[in-house]
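In: model the following, please.
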Amino acid sequence: MEGIDQFEQSFIVGQYECDCNGRMKAGALLSQTQAISTNHCNAIGWTIELYRRTHTVFLLAKTSLEVYGEIRVGDHIRMVTHPSRPNRAIYNRYTSFYNEQGEEVAAQDSKWVMVDTETHKILREPPAEMEVPFHLDATKEHDFSIPKVRDAQQTATERVTYSRTDDNGHLNNTHYADIILDNLPFSATVDRRMKKLVINYHNEAKMGEELAVFTKEFEEEQQLKYYVSGKLPSGKTCFESLAVFE
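Out: Got it, this is the predicted structure:
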């Protein structure tokens, strides 16, 4: 279903998208939101050719994924995505996942910035050829809070391999979720259910680079929380995240 301020598409959850409990993985959910966002942009004329011609690209600054119910192998899921008009230099997009009963079982809130690929500067106004067609303000927003942590311990090193990169040669946005959850204990990822994942993307990781991964556990009442961050060889922070389990 095409439209400027709303776009819909559906999919059937595949086995390859699910974990050992049969639940759809966070990375798979983010892959689906990435796909519907791209398809929506293509439908309104914001194609890869336009980006190349205007020397622009959208970079994901922050994302929040919230899971409200079960999403399992074979489920028929309807996705609805709502982009909002930019607030200063931030482009917001909110995507909801609905099951066959019409219940919202997950949602992603994402914040994007448009960057000039030649100057590498954030653009507060798009090029004249890319007039923004979105008219609505954001009506739903997630909490993007991540605690300030200075005593996280390095637990692993992750290499940005060929299969993890996108057409820019950078670590694809969706694979950050895989790296984060792969570095948490099974007592969280397998024995519990992920309720929320927030990721702040600070600096891009390029193919061949290695990320030092740092983690810290928090336990609050019925919830188990983990701070996970990644540092580039330069010492700069690549990403920070908060994963919440119940």
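
In: only C-alpha atoms from now on, for both contacts and neighbour counts.
Out: Fine.

In: contacts for the longest helix belonging to the chain next, please.
Out: Counting by DSSP state H, the longest helix found in the chain is helix 26-43. Under the contact criterion C-alpha atoms under 8 Å, 6 or more residues apart in numbering, helix 26-43 has outside partners 2, 7-9, 17-18, 47, 65, 79, 81, 95, 108, 174-178.

In: okay, buried residues for the helix or strand just after it please.
Out: Once helix 26-43 ends, the next helix or strand along the chain (criterion: DSSP states H and E) is helix 48-54. The neighbour-count check on helix 48-54 (16 or more other C-alpha atoms under 10 Å) flags 51, 54 as buried.

In: could I get helix 48-54 in PDB with only the CA atoms?
Out: This file holds the C-alpha atoms of helix 48-54, laid out as PDB (Å, rounded to 0.1, in the frame of the first residue of the first chain):
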ATOM      1  CA  ILE A  48      19.400   5.100  -5.100                       C
ATOM      2  CA  GLU A  49      19.900   7.000  -8.300                       C
ATOM      3  CA  LEU A  50      18.600  10.200  -6.700                       C
ATOM      4  CA  TYR A  51      20.900   9.800  -3.700                       C
ATOM      5  CA  ARG A  52      23.900   9.300  -6.000                       C
ATOM      6  CA  ARG A  53      23.000  12.300  -8.100                       C
ATOM      7  CA  THR A  54      22.600  14.600  -5.100                       C
END
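
In: strand partners of the helix or strand just after it, parallel vs antiparallel please.
Out: Next in sequence after helix 48-54, counting helices and strands by DSSP H and E, comes strand 56-67. Within its sheet, strand 56-67 is paired with strand 104-116 (antiparallel), strand 194-201 (antiparallel), according to DSSP bridges.

In: so for strand 56-67, what's the average pLDDT?
Out: Strand 56-67 shows a mean pLDDT of 96.

In: cool, and stretch 35-52?
Out: On average, stretch 35-52 scores 94.

In: what comes up buried for that stretch?
Out: By neighbour count on 16+ other C-alpha under 10 Å, the buried set for stretch 35-52 is 36, 37, 39, 40, 41, 46, 51.

In: adding distance to residue 72, write those residues out as a markdown table.
Out: Putting those into a markdown table (distance: C-alpha to C-alpha, whole Å) gives the following:
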| residue | distance to residue 72 |
| --- | --- |
| 36 | 19 |
| 37 | 22 |
| 39 | 24 |
| 40 | 25 |
| 41 | 28 |
| 46 | 32 |
| 51 | 36 |
